[in-house]
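Colleague: Generate coordinates for the sequence data below:
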Amino acid sequence: MAQLSVAGALVLEVGGPSSHGAIVAREFGLPCVVNVGGATRRIKSGDEVHVDADTGVVEFTGRT
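Modeller: Residues are numbered from 1 along each chain as shown. A predicted model of the protein is given here:
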């Protein structure tokens with residue numbers, strides 16, 4: 001859970017609003033978008049992404 005303490009948001013490749021990851025995100029007060037197919041292939045360590053949990057949009061914004 002140490003990673004969640006520095007995370008700004010969660011992007012989950014599978015699951016729904018009642019999945020474990022979504023529930024944990026809510027407990028940590030983190031925005032979360034679920035069911036993002038291919039997320040683990042597209043988002044790499046060091047990537048910056050904008051996560052809009054209200055609209056369910058995840059946008060790649062660059063690499064650090």
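Colleague: contacts, neighbours, all on C-alpha from now
Modeller: Will do.
Colleague: which parts of stretch 52-63 are buried?
Modeller: If you call a residue buried by 16 or more other C-alpha atoms under 10 Å, then stretch 52-63 has these buried ones: Ala53, Val58.
Colleague: State the mean pLDDT of it.
Modeller: Averaged over stretch 52-63, pLDDT sits at 92.
Colleague: Now find how far off-centre it is within its chain.
Modeller: 9 Å (C-alpha atoms, centre = their mean, to the nearest Å).
Colleague: distance between the ends of that stretch?
Modeller: End-to-end distance of stretch 52-63: 18 Å, with C-alpha to C-alpha, to the nearest Å as the criterion.
Colleague: Distance of Gly38 relative to Ala25?
Modeller: 20 Å.
Colleague: And for Asn35?
Modeller: Counting by C-alpha to C-alpha, the gap from Asn35 to Ala25 is 14 Å.
Colleague: The longest helix along the chain: what's the following helix or strand?
Modeller: Identified as the longest helix of the chain according to DSSP state H is helix 20-28. Once the chain leaves helix 20-28, the next helix or strand it forms, by DSSP states H and E, is strand 32-33.
Colleague: Next SSE downstream of that next one?
Modeller: Remark: after strand 32-33, the chain's next helix or strand is helix 39-42, criterion DSSP H and E.
Colleague: Return the per-residue confidence for Met1.
Modeller: In this model, Met1 carries a pLDDT of 59.
Colleague: hang on, the earlier thing: name the residues that touch the longest helix of the chain?
Modeller: Residues outside helix 20-28 that contact it (C-alpha atoms under 8 Å, 6 or more residues apart in numbering): Leu4, Ala9, Leu10, Leu12, Gly15, Gly16, Pro17, Pro31, Cys32, Val33, Val34.
Colleague: Report the buried members of the residues you listed.
Modeller: Applying 16+ other C-alpha under 10 Å to these flags Ala9, Leu10, Leu12, Pro31, Cys32, Val33, Val34 as buried.
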